[in-house]
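A.B. asks: Sequence first, predicted model second:
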Amino acid sequence: MDALPLAIAGLPRHVTRRDVFRRLLLTLPVFLAVGAAGLLIQPAPRLASTQVHGWQPLDAPLVVEFSWPVSRAVDVSIVPHVEGQVSYSDAMLQNRLVRTLTFTPDRTWLPGTTYTLALAGVKSATGVPFLSADHSLTFTTVPVPAVASLLPQEGSTMVADGAWSVAFERPLDTAYALSARLDPPVPVQVIVASDRRKATIQPSQLLGQGSAYTLHVERTTRQFAFGTGDVVLEEPPHVLVSSSWQVRVPPGVTKVAPSGTGVPLTESMALTFAEPVDLAGVQQNVTITPALEGAWESANEHVFTFQPSAALAQATTYTITIHEGLRTKSGGVFEADTRAQFRTQEPVTLASSSPASGATGVGTNRTLRVTFNQEVDREAALQGARVTPSVEGTWAWENSELTFSPKGRYAFGTTYTVTLPKGLAAVHGFPAAETLSVTFTTEQATTRLAVPFHRQQHKLSCEIATLVMALRFHGVDIGEQPIIDAIGFDPTPKKNGVWGDPDVAFVGNIDGQQVGTGYGVYAAPIARVGSAYRPSRVMTGSSLTDILTEVQAGHPVIVWGNASTGQRVDWKTPTGKTVRAIVGEHTRVVVGYVGSVTSPTTIITLDPLFGERRFSRAAFLTDWARLGNMAVVVE
């Protein structure tokens, strides 16, 4: 027996063919065992999202990686329920097998919420039909930031031109809108630092010296349409902290009057010094801005008064300045300017509202809250308040806020205007000089037909599967095969740019590879077969509004689009007709929408491969246009 050549066997010359054969017999079970193990491999999923300290960011999709390629026919659900879209990447074998699954929610995630991602029917790349598994993964979104500190500390004395600093345990996500209000009312500005870990609350004017104030810091949580800045849901404000402070009077001064807001126009000014001061010194070193006609007077060199010769101007902030260099009679010197402010009475206006004017995504059962810049005639406010369009509900006073609670719900996607009449009387100030109003828009409605999901049973049977779903919605108990038989197949072979006509029958192999050995079928045959069970018709020259009008009427609509590159691959039929075709021709059932029929924000479809899939209005129109806006409505 000849020895195997070294070049072939890679073994010493004394090793015979019989030796090699024996070794092959010994190693064959090992190879078979490895192969069998490969068939039994169950891919394990893991979260691969970019997380922050183990938390899922509110504005990031959820990414899952598998340890082994899987079939992309995975059922995905999230508890608490979240609407969204599933996409796959790291694809193999013409996108049939994938390594990465991405779930993109329609709305940004809710903060501080634990979600469970359920993956049902995960199948290994081996394709063994009975080897599927269910998995669940739990993740928690970025927690709600808590207040770490508020300075100055509660109960301390602060200066008239002071501000508050709020620090948070972690950065504020953009999902939060921070606001603040003072009681008694003084407009404030909230400035959030670039690192979003701190915020400064700055009053618009000097605080009343010697006055007490309560600060309320509030957080409003919002959800955005994913990837946009459009607010789709805004929750009522939540008070993070409420604290009170006393404003100190200047050194050497025991009292400054008046202070705060709502000062009567006939009010006089008064300064009380801790030590005697010459009247001449006060007259030379104390000014009032805007300037007023009049003079400072004193009877005891401690208390000085200024009586204007004319009424003060309404809605005006006056500043009293004790200038640097003023001396007391005992030799004390004011080493810096000391200022105090007050604001005169003004017409009634709105200090704040919840929701804020211009807010969108407002919940349909939200209680409206309005705060005025001063105390008003409460009974007149209750009698004069209106909501347009009209909504049945109850107006009431809660502390200093006027509230409106709808009896039922506001309408979805509707802009409401709340008005209070011109002339609304103040208790101490002036009546409203104009009509007061707040405008807000409620969250969009979601309309969805309860169309049952059916996963296509063949590689290219999406059109048949969508018709099955539409018919089952109408109570027709049917599977794919009767529809396939009724549609039939165009026998024309694909050769030299000539192939079958999808407007007549199915083109190619229904289990083939698109667009090599198989393709699909268009609207006319689907409508023809659907009509045998329910009224079905091709929609020609239709708009998106036409489609959604059908859905609103309870009629699912099958639309043609794309599930791949969308590249044009036209061909001719034997009769010379040009067939408009694309790579990835695919159908879905339009089952719902978010918004109104004429102005939807989101289109809801059932995809026979991926289940529910949502499109923005623009994305849907682009996809639907690839094959000329083909559609079939099943009534």
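C.D. replies: Yes, it's here.

A.B. asks: drop to CA atoms for contacts and neighbour counts, all remaining ones
C.D. replies: OK.

A.B. asks: contacting residues around Val634?
C.D. replies: Ala470, Leu471, Ala527, Gly530, Arg534, Pro535, Ser536, Arg537, His555, Pro556, Val557, Ile558 (C-alpha atoms under 8 Å, 6 or more residues apart in numbering).

A.B. asks: can I assume the third one sits in a helix?
C.D. replies: Yes. Using DSSP: H, G, I helix; E, B strand; the rest coil, the assignment for Ala527 is a helix.

A.B. asks: Please tell me how far the residue nearest the centre of the chain sits from Leu312.
C.D. replies: Note on the chain: the residue nearest the mean C-alpha position is Phe224, at 1.5 Å, using C-alpha atoms, centre = their mean. With distances taken as C-alpha to C-alpha, to the nearest Å, Phe224 is found 48 Å from Leu312.

A.B. asks: now swap in Thr141 and tell me
C.D. replies: With C-alpha to C-alpha as the criterion, Thr141 and Leu312 are 55 Å apart.

A.B. asks: Surely Ile484 and Ile464 touch.
C.D. replies: Yes. At 6.9 Å, Ile484 counts as touching Ile464 under the criterion of C-alpha atoms under 8 Å.

A.B. asks: Give me the contacts around stretch 497-510.
C.D. replies: Contacts to stretch 497-510, defined as C-alpha under 8 Å, 6+ apart, come from residues 458-461, 487-494, 517-525, 571-574, 579.

A.B. asks: Is it possible to mark the buried ones in the residues you listed?
C.D. replies: 459-461, 487, 489-490, 494, 518-525, 571-573, 579 (16 or more other C-alpha atoms under 10 Å).

A.B. asks: Go through the residues you listed and flag which are in helices.
C.D. replies: Ile487, Ala523, Ala524, Pro525 (DSSP state H).

A.B. asks: Give me the neighbour count for Tyr88.
C.D. replies: 18 (other C-alpha atoms under 10 Å).

A.B. asks: Check Ala336 too.
C.D. replies: 11.

A.B. asks: which element is the closest residue to it other than its chain neighbours on?
C.D. replies: Excluding its sequence neighbours, the residue lying closest to Ala336 (C-alpha to C-alpha, 6 or more residues apart in numbering) is Glu324, at 4.4 Å. Secondary structure assignment for Glu324, by DSSP states H and E: no helix or strand.

A.B. asks: pretty sure Glu324 is in contact with Thr287, am I right?
C.D. replies: No. Assessed by C-alpha under 8 Å, Glu324 is found out of contact with Thr287, at 11.7 Å.

A.B. asks: More neighbours: Ile484 and Ile464, which one.
C.D. replies: For Ile484 versus Ile464, the count of surrounding residues by other C-alpha under 10 Å is larger for Ile464: 26 against 19.

A.B. asks: phi, psi of that one?
C.D. replies: Ile464 adopts backbone torsions of phi -70, psi -40, taken as degrees, to the nearest 10.

A.B. asks: In contact with it, which residues are there?
C.D. replies: Gln456, Glu480, Ile483, Ile484, Ile526.

A.B. asks: Weed out the non-buried ones from the residues you listed.
C.D. replies: Gln456, Glu480, Ile483, Ile484, Ile526.

A.B. asks: and the third one, that one's in a helix?
C.D. replies: In this case it means Ile483. Yes. Using three-state DSSP, the assignment for Ile483 is a helix.

A.B. asks: doesn't Val529 make contact with it?
C.D. replies: Yes. Using C-alpha under 8 Å, Ile483 is in contact with Val529, at 6.7 Å.

A.B. asks: hang on, the earlier thing: pick out the most distant pair among the contacts of Ile464.
C.D. replies: By the measure C-alpha to C-alpha, Gln456 and Ile526 form the most distant pair in the contacts of Ile464, at 15.1 Å.

A.B. asks: element containing Glu550?
C.D. replies: Counting by DSSP H and E, Glu550 is found in helix 544-552.

A.B. asks: and that helix, what does it pack onto?
C.D. replies: In terms of contacts (3 or more C-alpha pairs under 8 Å, 6 or more residues apart in numbering; DSSP states H and E), helix 544-552 is packed against strand 557-562, strand 585-595.
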